[in-house]
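# 3D, please:
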Amino acid sequence: MKSVSEQKPLNPWNYKPWWCQPWSILLTGTGLIGGSWFLLKTVWITVLVAIPLLAWMGFFLLVWPRLMLSSGLLEKYREADIKRLD
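Sure, this is the predicted structure:
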């Protein structure tokens, strides 16, 4: 078994499906905000669409990965993966 220093750094995105990866979150959020502007061309509606979407994007791109790293769950997932492979 590799020592802790030889193991790859933990990446919370390795445990999420393809549709919940950073690129898909960014693409969905910017697409919906841009689509709102493209279809309606109304600033206040686009802002109303953008506020919850930016909060959602900020949570899943900035807050959630840090929470996963600090919670210790990723270490448990890694240990379970190692045991499964052995």
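
# Return the backbone torsion pair for residue 17.
Recorded main-chain torsions at residue 17 are phi -70, psi 170, according to degrees, to the nearest 10.

# State the mean pLDDT of stretch 78-86.
Per-residue confidence for stretch 78-86 averages out to 80 on the pLDDT scale.

# Output that stretch in CSV, but only the C-alpha positions, please.
The C-alpha coordinates for stretch 78-86 follow below in CSV (Å, rounded to 0.1, in the frame of the first residue of the first chain):
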residue,chain,number,x,y,z
ARG,A,78,-10.8,6.0,-0.7
GLU,A,79,-10.3,3.3,2.0
ALA,A,80,-13.5,1.6,0.8
ASP,A,81,-12.2,1.7,-2.8
ILE,A,82,-8.8,0.3,-1.8
LYS,A,83,-10.5,-2.6,0.2
ARG,A,84,-12.7,-3.3,-2.8
LEU,A,85,-9.7,-3.5,-5.1
ASP,A,86,-7.7,-5.8,-2.8
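
# And residue 72, its phi and psi?
phi 90, psi 0.

# okay, it: pLDDT?
What the model reports for residue 72 is a pLDDT of 86.

# check contacts around it.
For residue 72, the contact set (C-beta atoms under 8 Å, 6 or more residues apart in numbering) is empty. In this view, the C-beta of every residue, glycine as well, is placed from N, C-alpha and C.

# what's the distance between it and residue 79?
Distance, residue 72 to residue 79, by C-beta to C-beta, to the nearest Å: 11 Å.

# shared neighbours of the two, anything?
Any residue near both residue 72 and residue 79 by C-beta under 8 Å, 6+ apart counts here, and not one turns up.

# Now residue 49: closest residue in space that isn't a chain neighbour?
Closest residue to residue 49 apart from its sequence neighbours, by C-beta to C-beta, 6 or more residues apart in numbering: residue 36 at 4.2 Å.

# Alright, I will stop here.
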